[in-house]
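Student: Sequence unavailable; structure follows:
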Ligand code: ASP
């Protein structure tokens, strides 16, 4: 049975204007599609803040969280999102053996597919692995982070967080600082922020700056203070040592001296510039606790809250046609 012929919601455009079967990345989404997801998320922020946080929207549907890499906030947040929508949520952490790579991935995909999930949420250490998996299964797939490629729901929750504080992203200057080379968060954010009219500055030491970054629409800086001059948002990234083979920075102390965010460097930004970090944070490496915990300027906790709402919106939109077809089949 081929996935494309069997899926009940592959070719029917969503009535809300999100015309994709999966969410594999921000690249390729239009500003309108991003707007649809953000608008829908707003309702879920309100629901998550209310006393009764649960709806029965996805009752009877199954979400499997398939994580080939460790995660705390993303996995928990998808689990909460699915449960708040009334779905059955299963978490699977898969031990990863580099030798088995392709075989393990496809085998796992086929095994899970046979259990008829309705949404697979997948995190994998290899760029492109989630797309490959999406081609083998019959259900909707959400990329929860693939290697250094994309992490679309992180970019969406970042955008929602900014939009709620600033009203709009258009015209804002956003500095993305740190280990850009290994960061899927940076790539997804560059696609999203430029699509919504923000100006992106990428700041990193030369060893952590990927060559293609300018072609994605970001302006490249190696000097943090210059990069922060006049910017509205300072988005810090974790130094991803688990993805580094060899030495990329002389020492974490020196790294903090040149690229760590502290009060002194933050002074170059606009006086009301806001601070973001996708987590987990390495305090004292890429960010000083004093700025990370500044309740007036740090959006880090708000980002976590927005994560649940955005993931609810993504699960909702990707199962709309399926729910409609189920309702029609059941005469509902
Ligand atoms: N949590 C984010 C990710 O999975 C950022 C990070 O790990 O540094 O990419």
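Tutor: Yep, that arrived. Keep in mind that what you see is a predicted model, and the values were worked out from it rather than measured.
Student: Show me what counts as buried in stretch 322-329.
Tutor: The neighbour-count check on stretch 322-329 (16 or more other Cβ atoms under 10 Å) flags 322-324 as buried. C-beta: built from backbone N, CA, C; applies to glycine.
Student: Stretch 61-78 now?
Tutor: Buried-residue list, stretch 61-78, by 16+ other Cβ under 10 Å: 61-69, 71, 73-75, 77-78.
Student: can you check stretch 140-150 too?
Tutor: 140-150.
Student: Leaving out the residues flanking it, which one is nearest to the residue of the chain found nearest the ligand?
Tutor: For the chain and the ligand, the shortest gap (Cβ to the nearest ligand atom) falls at residue 238, measuring 3.4 Å. Nearest non-adjacent residue to residue 238, counting by Cβ to Cβ, 6 or more residues apart in numbering: residue 282, 5.7 Å away.
Student: Show the contacting residues for that neighbour.
Tutor: Residue 282 is in contact with 238-239, 252, counting by Cβ atoms under 8 Å, 6 or more residues apart in numbering.
Student: got a markdown table for the residues you listed, with pLDDT, distance to residue 300 and secondary structure too?
Tutor: Shown next, in a markdown table, are the contacts of residue 282 (pLDDT from 0 to 100; distance: Cβ to Cβ, whole Å; DSSP: H, G, I helix; E, B strand; the rest coil):
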| residue | pLDDT | distance to residue 300 | secondary structure |
| --- | --- | --- | --- |
| 238 | 95 | 12 | coil |
| 239 | 92 | 17 | coil |
| 252 | 89 | 20 | helix |
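Student: Near the ligand, which residues of this protein are found?
Tutor: 145, 151, 184-185, 238, 240, 278-279 (Cβ under 6 Å from any ligand atom).
Student: Just name the lowest-scoring one in those residues, pLDDT-wise.
Tutor: The weakest per-residue confidence within the residues of the chain next to the ligand falls on residue 240 (89).
Student: List the contacts of that one.
Tutor: 179, 182-183.
Student: Emit the ChimeraX select command for whichever of the residues you listed are buried.
Tutor: This is how ChimeraX selects the buried members of the contacts of residue 240, with burial counted by 16+ other Cβ under 10 Å:
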select :179,182,183
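Student: and which of the contacts of residue 240 is nearest residue 260?
Tutor: residue 179 (12.0 Å; Cβ to Cβ).
Student: Please report the distance of the closest one from residue 208.
Tutor: 5 Å (Cβ to Cβ, to the nearest Å).
Student: Let me know the closest of the buried residues of stretch 322-329 to residue 16.
Tutor: For those, the nearest to residue 16 is residue 324 (11.7 Å; Cβ to Cβ).
Student: Can you show me the helices along the protein?
Tutor: 3-6, 31-49, 73-84, 101-113, 129-134, 152-166, 184-195, 224-228, 252-259, 263-266, 289-292, 300-318, 320-329 (DSSP state H).
Student: Turn these into JSON lines, including distance to residue 56.
Tutor: As requested, the helices of the chain are exported to JSON lines (distance: least, Cβ to Cβ, whole Å):
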{"stretch": "helix 3-6", "distance to residue 56": "26"}
{"stretch": "helix 31-49", "distance to residue 56": "12"}
{"stretch": "helix 73-84", "distance to residue 56": "10"}
{"stretch": "helix 101-113", "distance to residue 56": "24"}
{"stretch": "helix 129-134", "distance to residue 56": "27"}
{"stretch": "helix 152-166", "distance to residue 56": "23"}
{"stretch": "helix 184-195", "distance to residue 56": "31"}
{"stretch": "helix 224-228", "distance to residue 56": "47"}
{"stretch": "helix 252-259", "distance to residue 56": "47"}
{"stretch": "helix 263-266", "distance to residue 56": "45"}
{"stretch": "helix 289-292", "distance to residue 56": "38"}
{"stretch": "helix 300-318", "distance to residue 56": "12"}
{"stretch": "helix 320-329", "distance to residue 56": "11"}
